[in-house]
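>>> Fold the following and give me the result.
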Amino acid sequence: MEQEYVMRFLEIGAFSLNSDDTKLEKLRNTAKDLSAALRTAPAKTVSFTMVAADPSISPTDPVVEEAMSALRKRWETVANAFTGRPVNVLRAVLLDAIVQAARGDDTIAVAFVNTARNALAHAETADEAEIWRDAVYEIESKVDARAEAEWATPEMISVEPLKYTAPPTSAAEFEAPTIERSDLQAKILSAAGPLGTVPPVNPYWHHQHPQQWAPEFAKQMTSAIADVIDQIAAELAPSPVDLSKPLSSLAKAVSTHVETVLASFSGATAGLQRRTNLLWWKEALYSPSAHESYVEMPVFQASALMALDLHEQVPTFSPASVSAFLKEAIRCLPAEPGSEDNGQRDVAALVRDAKTAAFMQPFRTVAAQYVPAPIGRGPLLSLIGHGQDPAAIEAASLRTLGGVDGSATMTAAEWGVFLFRELQAARATSAKVGKPAKKR
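Sure thing, here's the model as predicted:
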């Protein structure tokens with residue numbers, strides 16, 4: 001049975017409805033309304049998830065306002081039922097709405113899972129940890145099932161037999177040739193002796209001039225019989241047969257069959273080819289976008305480019321293990337010489353570099369294509385891809401707009417995985433859904 005996450009919040013005491021089932025029904029209906037709105041505008045998945053995951057979200061955030069507006073349509077007196085804006089109620093409704101939408105829309109599911117993994121790492125949700133764990137596990141299992149099917153390599157490839165129907169044959173009318181016996185008889189009679197009527201007539205009788213008669217008889221009989229045989233052979237000669245159409249049809253059927261076989265083989269081995277390419281990429285540690293070894297770059301610069309390069313190599317529907325793969329790939333990079341920060345940097349500095357450093361220009365281009373400028377809570381991609389306002393990377397602004405404290409620290413691996421998940425989530429619900437970013 002599918003879980004109802006509004007009820008889960010209610011059960012842990014995140015809010016109270018005073019045992020009023022009619023109020024609970026209003027929340028359920030609001031969740032359905034928001035779920036329908038989300039399916040119409042999947043790009044809202046990221047902001048919906050980030051707001052739902054943060055107990056400290058501002059009551060004036062645009063997503064909170066949208067959820068409150070939806071709730072008022074179902075519960076006109078809601079303002080009188082709570083002291084202040086019921087943020088926890090709205091968060092519960094939002095999570096329920098997101099999960100409902102994700103159950104029926106795989107792109108929303110991808111965006112939810114990647115966003116939730118990032119957001120929950122920077123939100124105080126201890127009391128709700130089990131609820132979020134169950135929600136993420138449910139939807140992530142759904143995404144992984146589809147991704148594994150697309151990445152898998154079957155043991156055998158099944159191909160349909162060649163489909164070809166020979167054109168119908170029409171029975172040709174045939175009339176057996178006949179010999180005009182009277183004509184042949186007249187020629188034989190002429191060959192036998194002087195009584196013949198068809199020239200040339202044999203002038204000898206066999207009993208009077210046997211030596212002269214025999215050669216003449218043989219000559220005339222040979223001619224008569226040969227003429228008859230030649231006539232029959234001419235009438236039995238086959239008519240020319242046009243094989244161009246059936247051969248053309250057969251060639252087309254074989255060509256289509258071969259294309260189908262190759263497509264089946266390509267589809268069946270795509271997962272293997274993708275995994276092989278990723279292993280090569282990890283071992284080479286070479287950036288196809290920067291045309292430079294990651295080893296030669298500062299480690300945090302390399303981690304950001306590795307997130308972008310991996311994002312461009314894998315499809316939208318990728319198993320959760322791909323994030324772990326990226327983390328291990330980044331850990332293969334050598335530590336920066338003379339590093340005194342235990343391999344960590346604060347988020348404010350990382351975002352500042354992402355917004356201004358020349359090496360991050362390709363990343364900013366992709367980010368700007370995927371997400372709009374920040375309005376309320378949203379991904380760091382919004383801050384990175386739009387504008388150079390220094391105020392957007394202050395600690396307070398980062399928390400308000402990106403859901404992360406500017407003073408929070410990340411390792412290079414954590415930073416790379418964070419950016420990769422944001423890219424995957426943004427692509428899943430953007431106009432470029434399912435397509436890798438354009439190569440530079």
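>>> switch to C-alpha atoms for all contacts and neighbour counts from now on
Will do.
>>> helix/strand/coil for the closest residue to Phe9 other than its chain neighbours?
Once flanking residues are discounted, Phe9 sits nearest to Ala92: 6.1 Å by CA to CA, 6 or more residues apart in numbering. Under DSSP: H, G, I helix; E, B strand; the rest coil, Ala92 falls in the helix class.
>>> Next: the one 3 residues further on.
Here Leu95 is recorded as helix under three-state DSSP.
>>> residues in contact with it?
By CA atoms under 8 Å, 6 or more residues apart in numbering, Leu95 lies in contact with 5-6, 48-49, 52.
>>> sorry, back to before: you'd agree the residue nearest to Phe9 is up against Glu4?
No: counting by CA atoms under 8 Å, Glu4 is not a contact partner of Ala92; they are 9.8 Å apart.
>>> neighbour count winner among those two?
It is Ala92, of Ala92 and Glu4, that has more neighbours when counted by other CA atoms under 10 Å, with 24 against 17.
>>> for this structure, which spans come out with low pLDDT?
Counting by pLDDT under 70, the chain shows low-confidence ranges at 1, 153-159, 169-174, 261-270, 337-342, 387-393, 395-396, 431-440.
>>> picking up where we left off before, from the contacts of Leu95, which ones fall inside helices?
5-6, 48-49, 52 (DSSP state H).
>>> and stretch 53-71, which residues are buried?
53-54, 56-57, 62-64, 67-68, 70-71 (16 or more other CA atoms under 10 Å).
>>> Could I have the CA atoms of it written out in CSV?
Extracted as CSV, the C-alpha positions of stretch 53-71 are listed here (Å, rounded to 0.1, in the frame of the first residue of the first chain):
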residue,chain,number,x,y,z
ALA,A,53,12.9,19.5,3.1
ASP,A,54,13.7,22.6,5.1
PRO,A,55,12.0,23.1,8.5
SER,A,56,13.6,26.6,8.6
ILE,A,57,12.2,27.7,5.3
SER,A,58,10.9,31.3,5.2
PRO,A,59,7.1,31.7,5.6
THR,A,60,7.3,34.2,2.7
ASP,A,61,9.1,31.9,0.2
PRO,A,62,7.2,31.8,-3.1
VAL,A,63,6.6,28.0,-2.9
VAL,A,64,5.2,28.4,0.6
GLU,A,65,2.9,31.1,-0.8
GLU,A,66,1.8,28.9,-3.6
ALA,A,67,1.1,26.0,-1.3
MET,A,68,-0.8,28.3,1.1
SER,A,69,-2.9,29.6,-1.8
ALA,A,70,-3.8,26.0,-2.8
LEU,A,71,-4.7,25.2,0.8
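>>> Please tell me how far that stretch is from the chain's geometric centre.
Relative to its parent chain, stretch 53-71 has a centroid offset of 34 Å by CA atoms, centre = their mean, to the nearest Å.
>>> Next: stretch 7-20.
Offset of stretch 7-20 from its chain centre (CA atoms, centre = their mean): 41 Å.
>>> Let me see the residues that make contact with that stretch.
23-24, 88-89, 92, 127-128, 131.
>>> In strands, which of those appear?
Among those, none falls in strands (DSSP state E).
>>> Filter those residues down to just the buried residues.
Restricting the contacts of stretch 7-20 to buried positions leaves 23-24, 88-89, 92, 131, with burial counted as 16+ other CA under 10 Å.
>>> Format these as a markdown table; extra columns: distance to Pro238.
Listed next are those as a markdown table, based on distance: CA to CA, whole Å:
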| residue | distance to Pro238 |
| --- | --- |
| Lys23 | 92 |
| Leu24 | 89 |
| Asn88 | 92 |
| Val89 | 90 |
| Ala92 | 86 |
| Ile131 | 85 |
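>>> Please report the distance of Phe112 from Gln344.
27 Å (CA to CA, to the nearest Å).
>>> swap that for Leu308, please
From Leu308 across to Gln344, the span is 20 Å (CA to CA).
>>> Could I get the full set of strands for the stretch 201-350 of the chain?
Ranges of strands within the stretch 201-350 of the chain are 286-287, 292-293, 344-346, based on DSSP state E, counting those that start in this stretch.
>>> Thr30: which of those is closest?
Of all the strands of the stretch 201-350 of the chain, it is strand 344-346 that lies closest to Thr30, at 38.7 Å by CA to CA.
>>> Sort out which residues of that closest one are buried, please.
Neighbour counts over strand 344-346 (16+ other CA under 10 Å) mark 344-345 as buried.
>>> From the chain's centroid, how far away is it?
On CA atoms, centre = their mean, the centre of strand 344-346 falls 36 Å from that of its chain.
>>> For that strand, which strands pair with it and how are they oriented?
With DSSP bridges as the test, strand 344-346 is paired with strand 409-411 (antiparallel).
>>> Any buried residues in the strand it pairs with, and which?
By 16+ other CA under 10 Å, the buried positions in strand 409-411 come out as 409-411.
>>> and if you look at stretch 119-128?
Residues of stretch 119-128 classed as buried by neighbour count (16+ other CA under 10 Å): 119-120, 123, 125.
>>> And stretch 291-305, by the same measure?
So stretch 291-305, judged by 16+ other CA under 10 Å, has buried residues 294-295, 299-305.
>>> In which helix or strand does Ala101 reside?
helix 87-104 (DSSP states H and E).
>>> helices or strands up against the very next helix or strand once past that helix?
Downstream of helix 87-104, the next assigned helix or strand under DSSP H and E is helix 106-120. In terms of contacts (3 or more CA pairs under 8 Å, 6 or more residues apart in numbering; DSSP states H and E), helix 106-120 is packed against helix 45-52, helix 87-104, helix 129-151, helix 412-429.
>>> wait, which of these is closest to Leu279?
For Leu279, the closest of these is helix 129-151, at 14.1 Å, according to CA to CA.
>>> before we move on, back to that, redo the strands of the stretch 201-350 of the chain as TSV? Include distance to Ala218.
Compiled in TSV, the strands of the stretch 201-350 of the chain are given as follows (distance: least, CA to CA, whole Å):
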stretch	distance to Ala218
strand 286-287	96
strand 292-293	99
strand 344-346	117
